[in-house]
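Asks: Okay, structure incoming, though there's no sequence with it:
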């Protein structure tokens with residue numbers, strides 16, 4: 001299968017799309033077509049484990065990879081000991097019409113592990129397929145979870161390095177410690193004096209800077225990305241939507257062909273875009289409900305057709321969603337305008353130059369056939385954490401609670417009681433203090449994890465329990481204008 005740039009031109013293979021990360025014109029790579037997964041195939045998936053389901057989906061996109069290579073990469077990524085649940089992405093039923101898809105059972109306790117445990121294998125294979133002898137230098141901007149997942153995935157992988165930028169004071173204490181205590185001889189972590197959008201914009205500018213690329217080339221390094229702008233990050237995320245449907249089929253919660261809804265907490269739009277791709281591949285999805293926190297730029301877009309960053313950036317209790325420029329929305333726009341790369345370029349230039357663009361009434365009507373949207377502020381998020389714990393004896397992290405709150409409001413407003421899957425993106429232990437605050441339990445930052453365990457009986461994950469005993473390896477910091485120098489200094 002070939003891949004094209006959302007901004008026109010560029011025709012590359014899957015391995016090249018993964019290796020390059022971004023197209024030369026700063027567009028995102030998209031597949032030439034979406035393979036169709038038949039209902040017979042979906043039924044067959046009910047008898048498969050997660051690894052087999054992953055191979056079944058990924059083989060259609062990774063056509064210049066052999067089936068044996070895909071199987072080996074998947075087995076290594078999701079093999080024994082990598083995830084603390086054998087199902088990898090287990091589904092929990094809260095009631096007959098509501099399920100939770102838990103994507104936080106990997107090594108960093110966040111949904112980013114679902115893709116970033118696999119991406120290093122795909123990246124090194126891609127380098128070999130394209131005779132790339134330079135070190136693959138991964139650059140990442142993170143709003144909290146991608147950073148640690150990328151660091152963990154690429155740590156000490158031969159022929160690679162991983163440099164992560166995160167917004168100083170813009171992530172949780174656990175998220176920051178997870179990153180700064182990462183070992184490995186090829187990992188680099190740099191805090192940026194700014195917000196996530198500053199870090200993400202800076203990374204994109206590095207990819208577009210001929211001077212920076214030349215300097216990295218001189219050091220024997222080729223740039224690549226592990227953010228969801230890289231299709232190698234996005235493709236593995238499609239899998240868990242098919243897996244959730246297969247589990248619902250297998251448990252007879254639904255019959256083949258029944259439509260289900262998904263509500264997805266998202267900031268950069270990659271997670272819910274993967275669900276949209278799954279729908280285009282034949283997965284019976286009714287509505288995709290886009291859940292935002294107080295940084296509700298996506299909610300406004302889906303309700304008005306206008307994307308505008310002219311608003312105050314808010315720091316919230318769901319920091320991984322504290323984003324105003326949602327990069328992956330560009331891929332949805334590409335489909336909305338019938339793959340007109342020139343029009344997408346116009347919109348992206350308007351966003352860069354004036355901070356907004358409008359898709360028009362006709363395209364808004366089309367997008368609303370697939371998407372609904374809502375948001376929750378910090379107070380509403382906390383209320384929902386408490387509500388779900390008291391009603392279902394189930395603990396949600398703030399990001400998942402945003403999705404749960406938005407789902408409740410969506411049902412109230414529309415009367416749509418279709419079975420809905422809440423996509424749960426992080427363990428509550430990554431945000432113990434905020435969860436306890438919502439549950440009105442006295443605690444300190446230091447004893448929050450212990451208090452949460454005493455309350456819920458859920459054991460403290462090793463990844464959290466050991467954080468305060470691990471040495472801090474990374475203390476670098478930079479201004480948003482100095483990211484290039486900060487990277488070069490690390491090498």
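Replies: Looks like it arrived, so ask away. Quick caveat, the model's predicted, so the values are computed rather than measured.
Asks: Domain-wise, how is the chain divided?
Replies: 91-109+232-460, 110-227+461-491 (automatic domain parsing).
Asks: among these, which gets the worst mean confidence?
Replies: The weakest mean pLDDT among the domains of the chain belongs to domain 110-227+461-491, with a mean of 93.
Asks: Between the two ends of that one, how far is it?
Replies: This stretch, domain 110-227+461-491, spans 29 Å end to end (Cα to Cα, to the nearest Å).
Asks: Of all the domains of the chain, which one is nearest residue 54?
Replies: Closest to residue 54 of those, according to Cβ to Cβ: domain 91-109+232-460, at 4.7 Å. All C-beta spots, glycine's among them, are computed from the backbone N, C-alpha and C.
Asks: so where do the helices sit in the stretch 351-491 of the chain?
Replies: For the stretch 351-491 of the chain, the helices defined by DSSP state H, counting those that start in this stretch cover 361-367, 378-392, 398-414, 432-438, 448-456, 462-465, 483-490.
Asks: Residue 87 is nearest to which of the ones you listed?
Replies: It's helix 398-414; of the helices of the stretch 351-491 of the chain, that one is closest to residue 87 (Cβ to Cβ) at 17.6 Å.
Asks: tell me the angle the closest one makes with helix 378-392.
Replies: Put simply, helix 398-414 runs at 90 degrees to helix 378-392, going by axes from the mean of the first three to the mean of the last three Cα atoms, to 10 degrees.
Asks: just the helices in the stretch 101-250 of the chain please.
Replies: Here the stretch 101-250 of the chain has its helices, by DSSP H, counting those that start in this stretch, at 113-116, 119-129, 146-154, 173-180, 196-208, 210-218, 231-250.
Asks: helices or strands next to the fifth one in the packing?
Replies: Right, the one you point to is helix 196-208. On a contact count with 3 or more Cβ pairs under 8 Å, 6 or more residues apart in numbering; DSSP states H and E, helix 196-208 meets strand 135-141, strand 160-167, strand 187-193, strand 221-225, helix 483-490.
Asks: make it 7 Å
Replies: Here helix 196-208 touches strand 135-141, strand 160-167, strand 187-193, helix 483-490, going by 3 or more Cβ pairs under 7 Å, 6 or more residues apart in numbering; DSSP states H and E.
Asks: Between the ones you listed, which one is closest to residue 293.
Replies: Between residue 293 and those, the shortest gap by Cβ to Cβ is with strand 160-167, which sits at 14.9 Å.
Asks: Give me the helices and strands touching that closest one, please.
Replies: Packing contacts for strand 160-167, counted by 3+ Cβ pairs under 7 Å, 6+ apart, involve helix 119-129, strand 135-141, helix 146-154, strand 187-193, helix 196-208, helix 483-490.
Asks: Including mean neighbour count and distance to residue 401, could those go into TSV?
Replies: Shown next, in TSV, are those (neighbours: other Cβ atoms under 10 Å; distance: least, Cβ to Cβ, whole Å):
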stretch	mean neighbour count	distance to residue 401
helix 119-129	22	28
strand 135-141	24	25
helix 146-154	28	20
strand 187-193	23	27
helix 196-208	21	20
helix 483-490	17	33
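Asks: Make TSV out of the ones you listed and add distance to residue 350.
Replies: Formatted as TSV, the helices and strands packed on strand 160-167 follow (distance: least, Cβ to Cβ, whole Å):
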stretch	distance to residue 350
helix 119-129	31
strand 135-141	22
helix 146-154	27
strand 187-193	25
helix 196-208	15
helix 483-490	24
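Asks: Ok, which of those comes nearest residue 172?
Replies: Here helix 146-154 is closest among those (Cβ to Cβ), at 11.1 Å.
Asks: The closest one relative to helix 231-250, how many degrees between them?
Replies: Put simply, helix 146-154 runs at 90 degrees to helix 231-250, going by the same axes, to 10 degrees.
Asks: List the contacts of helix 146-154.
Replies: 107-108, 110, 112-113, 116-117, 119-120, 138, 140, 160, 162, 164, 166, 175, 178-179, 182, 186-187, 226-227 (Cβ atoms under 7 Å, 6 or more residues apart in numbering).
Asks: so residue 221 makes contact with residue 138?
Replies: No - Residue 221 lies out of contact with residue 138 (Cβ atoms under 7 Å); the separation is 10.0 Å.
Asks: circling back: can you redo the helices and strands packed on helix 196-208 as CSV with distance to residue 252?
Replies: Formatted as CSV, the helices and strands packed on helix 196-208 follow (distance: least, Cβ to Cβ, whole Å):
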stretch, distance to residue 252
strand 135-141, 41
strand 160-167, 43
strand 187-193, 45
helix 483-490, 52
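Asks: that older thread, which one, of the helices of the stretch 351-491 of the chain, ends up nearest to residue 26?
Replies: Across the helices of the stretch 351-491 of the chain, closest to residue 26 is helix 483-490 (Cβ to Cβ), at 16.3 Å.
Asks: Can you name every helix or strand that that closest one contacts?
Replies: Checked by 3+ Cβ pairs under 7 Å, 6+ apart, helix 483-490 has strand 160-167, strand 187-193, helix 196-208, strand 476-479 packed alongside it.
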